[in-house]
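1. just coords:
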């Protein structure tokens, strides 16, 4: 019996681009022209079946923020997450193929469109962002239910959401189906961040009152407490022993009013 070149192979000697072009039809390439992670992904068709193959890109590329070893580590992290959680929004991961430049993650190809668009296009009525916003409220709520459901399941498994945004959402408008992708940065709790610049990120609380040593290393999921009294405005922080939901999830009735 002939082996499938993606589903039945665990190791290759060629680089991913050479191998994929040899065994199938590469109909799409996602590289520095469409994103800046340093990863290179491919849409590959074999025997009328389509696959999405994600790689860490070439080790020689000096431009990405993360070096090649870090990108490889994130891909292996994505494999661990996917194998631990089988939620319906996550694309099937068929195989992991080792190569001289790191793993190839072979996912099922997804039909749909990325909800995220460039800032200049976000008000364009024809953009996927605006088309999603115009959907009937019950359809949007159903999609949000799935987002919350997935993250509740991941939290129960000990995962902390990192770098989740609308670029992780693919929506199939024809089938009214949501897919959630690119969760490579999610981390097992507890974990530490070693950035002293979180105060500059809009998505994080203002940590400017913390001492430098405190800002440089604190557990994600930490409860930040700031005193409102004039006598004591320095914040304190309380490490949490495990990841917990910061607040109850919105009810369907609340979402319907948004």
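-> Structure received. Everything numeric in this text was worked out from a predicted model, so none of it was measured.

2. you'd agree residue 163 is in a helix?
-> No: applying DSSP: H, G, I helix; E, B strand; the rest coil, one finds residue 163 to be coil, outside a helix.

3. measure it to residue 190 for me?
-> Residue 163 is 18 Å from residue 190, where distance means C-beta to C-beta, to the nearest Å. C-betas here are computed from N, CA, C, even on glycine.

4. between these two, which one's more packed in?
-> Of the pair residue 163 and residue 190, residue 190 is the one with more neighbours under other C-beta atoms under 10 Å, namely 16 against 12.

5. Provide the backbone phi and psi angles at that one.
-> phi -80, psi 160 (degrees, to the nearest 10).

6. that one and residue 90, how far apart?
-> On the measure of C-beta to C-beta, residue 190 and residue 90 end up 23 Å apart.

7. could you report the neighbour count for residue 98?
-> Neighbour number of residue 98 under other C-beta under 10 Å is 12.

8. residue 177 contacts residue 146, correct?
-> No: contact criterion C-beta atoms under 8 Å: residue 177 and residue 146 do not qualify, at 9.3 Å.

9. in a strand, residue 138, correct?
-> No: read with three-state DSSP, residue 138 is helix and lies in no strand.

10. give the next helix or strand downstream of the helix or strand hosting residue 74.
-> Residue 74 belongs to helix 68-84 when assigned by DSSP states H and E. Using DSSP H and E, the next helix or strand after helix 68-84 towards the C-terminus is strand 93-99.

11. for the spatially closest residue to residue 32 that is not a sequence neighbour, grab the count of nearby residues.
-> Excluding the flanking residues, the one nearest residue 32 by C-beta to C-beta, 6 or more residues apart in numbering is residue 63, at 7.0 Å. Residues near residue 63, counting by other C-beta under 10 Å, number 8.

12. pull the distance from the helix holding residue 74 to the chain's centre.
-> 11 Å (C-alpha atoms, centre = their mean, to the nearest Å).

13. residue contacts, the residue nearest to the spatial centre of the chain?
-> Centre of the chain computed as the mean C-alpha position; nearest residue by C-alpha atoms, centre = their mean is residue 183, 2.5 Å away. Residue 183 makes contacts with 78, 81, 90, 161, 164, 168, as judged by C-beta atoms under 8 Å, 6 or more residues apart in numbering.

14. make it 6 Å
-> residue 81 (C-beta atoms under 6 Å, 6 or more residues apart in numbering).

15. shaky segments in this structure?
-> Scanning the chain for pLDDT under 70 picks out 1, 192-258.

16. all the strands of it, in order from the start?
-> 25-30, 40-46, 49-55, 93-99, 102-108, 113-114, 159-160, 169-172, 177-180, 187-188, 192-193, 218-219, 223-225, 236-238 (DSSP state E).
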